[in-house]
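> Make a model of this:
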Amino acid sequence: MMSAEATIEQILKQEGVFVSTTSGVSMEPLFRHRRDTIIIRPVTGRLKKYDVPLYRRGKDYVLHRIIKVLPDSYVILGDNCVAKEHGITDDQIVGVLTEFYRKDKHVTVNNFWYRLYARLWCASYPLRMTYRRVRGFAGRVYRKIFPKQ
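Next comes the predicted model:
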């Protein structure tokens, strides 16, 4: 029997799986806030590019995608984030996403369409960042020309 204060690490160790909904918007459009169910399992071996680890950032748990594997760490980025996180180590990683449910649809990370999504989403990062910068610049110019009164 687990206490109400059990950590995700303890649940993974005892049960071998952690099931939860997501919280936040950092992994949109893949996961929707408190609407999709994720299944996390313990890590076996070194993670790869496109894997989605659950890791600790201070006291918080974060679920983001690996975009680059370095010899001693990972570069990680949420699908809906701008800033890359450098220096995430294996010691910080609690588990890894293996499957999820979107509405009643079950998707594994080995699913062809999921793998295609992950690769296309990561490949489009430079275009998405350019769009955000241009949109931000256009907004600043607009506000200079037409200030609120």
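
> Scan the protein for its longest strand.
As assigned by DSSP state E, the longest strand anywhere in the chain is strand 93-102.

> so how far is Asp90 from Met129?
To Asp90, Met129 is 28 Å away according to C-beta to C-beta, to the nearest Å. To be clear about C-beta, it is placed using only N, CA and C from the backbone, and glycine gets the same treatment.

> For Lys49, list the residues it contacts.
Lys49 makes contact with Ile66, Ile67, Lys68, Val69, Cys122, according to C-beta atoms under 8 Å, 6 or more residues apart in numbering.

> Can you classify it by secondary structure?
For Lys49, the secondary structure call by DSSP: H, G, I helix; E, B strand; the rest coil comes out as coil.

> dump the residue contacts of the most centrally placed residue in the chain.
For the chain, His64 is the residue whose C-alpha lies nearest the centre (C-alpha atoms, centre = their mean; 2.1 Å). The contact partners of His64, by C-beta under 8 Å, 6+ apart, come to Ser26, Met27, Val52, Pro53, Tyr55, Ile76, Leu77, Gly78, Asp79, Cys81, Glu85.

> what does Gly87 give?
Contacts of Gly87 were listed using C-beta under 8 Å, 6+ apart, and they are Ser73.

> quick one: pLDDT of it?
We have a pLDDT of 96 for Gly87.

> For it, give me phi and psi.
Here the main-chain torsion angles of Gly87 (degrees, to the nearest 10) amount to phi 80, psi 20.

> same check, this time on Asp51
phi -60, psi 150.

> Only C-alpha atoms, please: export the stretch of helix or strand Lys144 belongs to in CSV.
Secondary structure here is read from DSSP states H and E; on that basis Lys144 sits in helix 125-145. Output of helix 125-145 as CSV, limited to C-alpha atoms (Å, rounded to 0.1, in the frame of the first residue of the first chain):
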residue,chain,number,x,y,z
TYR,A,125,11.7,24.2,-34.7
PRO,A,126,13.7,26.7,-36.7
LEU,A,127,10.7,27.7,-38.8
ARG,A,128,8.5,28.0,-35.7
MET,A,129,11.1,30.2,-33.9
THR,A,130,11.5,32.4,-37.0
TYR,A,131,7.7,32.8,-37.1
ARG,A,132,7.5,33.8,-33.4
ARG,A,133,10.3,36.3,-33.8
VAL,A,134,8.8,37.9,-36.9
ARG,A,135,5.4,38.0,-35.3
GLY,A,136,6.9,39.6,-32.1
PHE,A,137,8.8,42.2,-34.2
ALA,A,138,5.7,43.0,-36.2
GLY,A,139,3.7,43.5,-33.0
ARG,A,140,6.3,45.8,-31.6
VAL,A,141,6.4,47.9,-34.8
TYR,A,142,2.6,48.0,-34.8
ARG,A,143,2.5,49.2,-31.2
LYS,A,144,5.0,52.0,-32.0
ILE,A,145,3.1,53.2,-35.0
